[in-house]
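*Asks:* coordinates only, no sequence provided:
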């Protein structure tokens, strides 16, 4: 006689299904209700005066709404984070706006990271087997530096960098700290641009190649400690 899964295992499986359904349901509802039409540059510019008036009259409430909307957009990997960063800079200014976006984006990224780790990580590691273990060991050994590099260099999609580390054993505190620090430069640039929202006609070419090169250089510096450690480790047997 083959017994079914234990009650804790069954509850865990149902919880994973429920979480997956929640994430999928939010994404479907977002597009079905036309949310993607609101998170556009044209829509934000059309409502900028109303947003300013509301913020001036209800500053704390506006901060709370901005935090929830941005963190939710990141947690559910919804499009429009760039537009939200510009709008935050326009409404709150470069300093408050940067602080709000960094905290909200880190919170949303952490929610997605934890959810992906809970739902998928164990099954993915079992499927990958020894290869997965080697990848996990290599990434986790220098997790902070690798993740900082991925956050600093704008070539990597933000949602993908939230998901990929979930399949490793990187500690949560490392993920949070590297995310928080790594998104500050890019966030400041886009939030600062948001103060000139009225003069932005397109999201294309907002950031110069010089700025992108500076981000890439910062990312390269984040990998210097990894290179030095590997070099020292390679020389150790000869010492």
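*Replies:* All right, it came through fine. Just so it is clear, the model here is predicted, and its values are computed rather than measured. Residues are numbered from 1 along each chain as shown.
*Asks:* helix or strand for residue 85, which one?
*Replies:* In this structure, residue 85 sits in helix 81-92 according to DSSP states H and E.
*Asks:* so which bits of the following helix or strand past that helix are buried?
*Replies:* Heading C-terminal from helix 81-92, the first helix or strand you meet, by DSSP H and E, is helix 94-116. In terms of neighbour count (16 or more other Cβ atoms under 10 Å), helix 94-116 has its buried residues at 94, 96-102, 104-113, 115-116. Placement of C-beta: from N, CA and C, glycine included.
*Asks:* show me what counts as buried in the least confident helix or strand in the chain by mean pLDDT.
*Replies:* Ranking every helix and strand in the chain by mean pLDDT, DSSP states H and E puts helix 122-141 at the bottom, with a mean of 76. Buried residues in helix 122-141, counted by 16+ other Cβ under 10 Å: 125, 132, 136, 139.
*Asks:* low-scoring stretches of this protein, by residue?
*Replies:* 1-7, 128, 131, 198-199, 201-207, 234, 236-239 (pLDDT under 70).
*Asks:* 50 - rerun?
*Replies:* Along the chain, the model assigns pLDDT under 50 to residues 1-2, 239.
*Asks:* in it, which spans are helices?
*Replies:* 7-32, 35-38, 41-46, 48-57, 59-75, 81-92, 94-116, 122-141, 143-152, 158-163, 172-182, 184-194, 209-235 (DSSP state H).
*Asks:* possible to save those as a markdown table with distance to residue 200?
*Replies:* Formatted as a markdown table, those follow (distance: least, Cβ to Cβ, whole Å):
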| stretch | distance to residue 200 |
| --- | --- |
| helix 7-32 | 24 |
| helix 35-38 | 17 |
| helix 41-46 | 7 |
| helix 48-57 | 11 |
| helix 59-75 | 19 |
| helix 81-92 | 7 |
| helix 94-116 | 15 |
| helix 122-141 | 37 |
| helix 143-152 | 24 |
| helix 158-163 | 20 |
| helix 172-182 | 25 |
| helix 184-194 | 7 |
| helix 209-235 | 15 |
